[in-house]
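K.L.:
coords please:
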Amino acid sequence: MSNIEESKFEVQVDPVSIAPVNPRLKNFKDFYGRLRKNKAALVGLYVLIILFFISIFGYLDTIFGFTGVNSNATNLAEKLQKPSAEHWFGTDHLGRDIFYRVLHGMYITLGVGFTATFLAAIVGVPLGIISGYYGGIIDTIIMRIMDVLLAFPGILLALAIVSVLGGSTFNVTIAIAIGALPQFARIVRGSTLTTKNLEYIDAIKALGARDGKIIFQHILPNIMSPIIVNTTLFIATAILSAAGLSFLGLGVQPPTPEWGAMLNDGRNYMYQAGHITFFPGMMIVIVVLAFNLFGDGLRDALDPRQRK
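P.N.:
Sure, this is the predicted structure:
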């Protein structure tokens, strides 16, 4: 067969079509594609992104004073004013602008939620992995301690801890984190028990791999989905708990513009000036709802059993 005839059977291959695809990028595209199917989760995600940048601006404004407004400055001549062009959310019983107090308090509320959840995860996840992987007496001791913590409702346990330590942002964060330890430890323990019994884990053990390598390279990456989902959902719970403690006077102390403390300040003026409690209360609802919507969508996107 001549060269001309052989050329007819040559296959033209596009080099772009055989270019290697980054598996991480592909996995992210698949994940985002599943997340996009849940419109409510996307709304929650976008709301959280917007609030995150607003909270950063509020934090920077408290330091550098971009707006020139001190949210803690009182002006009794303008107290209990309704929302207007000058004061978008109105003023409270001390003449403080509620809009700027909500703005400056956003990073405090979100910060307590994120920090408490991070502390609970950084302690609860290792405890859950150790308990589920090693079992035996170690598992018994860790889980019985978690059972003791679970015997108390979360808000009551936080109340008890704050009552002993005193009311402050740091103490509230620690109290909420301690109350969340059993939740993280139990979820991670259950996932670890399921993963460590898989055949490939037995094969890795047979090859002589050490426990540390098995835990960090094979078990932990495979149980990250429930950890991420639980973390996202618990942030909303932590924000509610922090606001509840501040409302009871045991959390962040005045005049710090924390949303729960603002609700406490305005409860005596609900019929006279309902806007004092309406706006911080509405912000708590929006933030918690956004986290719950995003967390539900995240669970569906990461859990293969939930995929349609």
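
K.L.:
straight-line length of stretch 212-229, end to end?
P.N.:
24 Å (C-alpha to C-alpha, to the nearest Å).

K.L.:
OK, contacts around G260?
P.N.:
109, 242-247, 251-252, 280, 284 (C-beta atoms under 8 Å, 6 or more residues apart in numbering). Every C-beta, even on glycine, is put in place using the N, C-alpha and C of the backbone.

K.L.:
over to R36?
P.N.:
By C-beta under 8 Å, 6+ apart, the neighbours of R36 are L42.

K.L.:
and which of the contacts of G260 is nearest to K82?
P.N.:
Closest to K82 out of the contacts of G260 is P280 (15.8 Å), distances taken as C-beta to C-beta.

K.L.:
am I right that that closest one is in a helix?
P.N.:
Yes - counting by DSSP: H, G, I helix; E, B strand; the rest coil, P280 falls inside a helix.

K.L.:
quick one: mean pLDDT over the lengthiest helix in the chain.
P.N.:
Identified as the longest helix of the chain according to DSSP state H is helix 98-134. On average, the pLDDT along helix 98-134 is 93.

K.L.:
the following helix or strand past it vs helix 98-134, what angle?
P.N.:
Next helix or strand after helix 98-134 toward the C-terminus (DSSP states H and E): helix 136-150. Using axes from the mean of the first three to the mean of the last three C-alpha atoms, to 10 degrees, one finds that helix 136-150 and helix 98-134 are set 150 degrees apart in direction.

K.L.:
any idea how far N197 is from D211?
P.N.:
15 Å (C-beta to C-beta, to the nearest Å).

K.L.:
quick one, which of those two is more surrounded?
P.N.:
D211 (12 against 9; other C-beta atoms under 10 Å).

K.L.:
what's the neighbour count on the residue nearest to the more buried one when sequence neighbours are not counted?
P.N.:
Ranked by C-beta to C-beta, 6 or more residues apart in numbering and with sequence neighbours excluded, the top spatial neighbour of D211 is Y133, at 7.2 Å. Applying other C-beta under 10 Å, we find 19 residues neighbouring Y133.

K.L.:
over to V69?
P.N.:
17.

K.L.:
just confirm V112 contacts L240, I think it does.
P.N.:
No - contact status for V112 versus L240: not in contact, 10.7 Å apart, counting by C-beta atoms under 8 Å.

K.L.:
the two: who's more crowded?
P.N.:
A count of neighbours by other C-beta under 10 Å puts V112 above the other of V112 and L240, at 28 against 20.

K.L.:
who's in contact with that one?
P.N.:
169, 172-173, 176, 238-239, 242, 252, 258.
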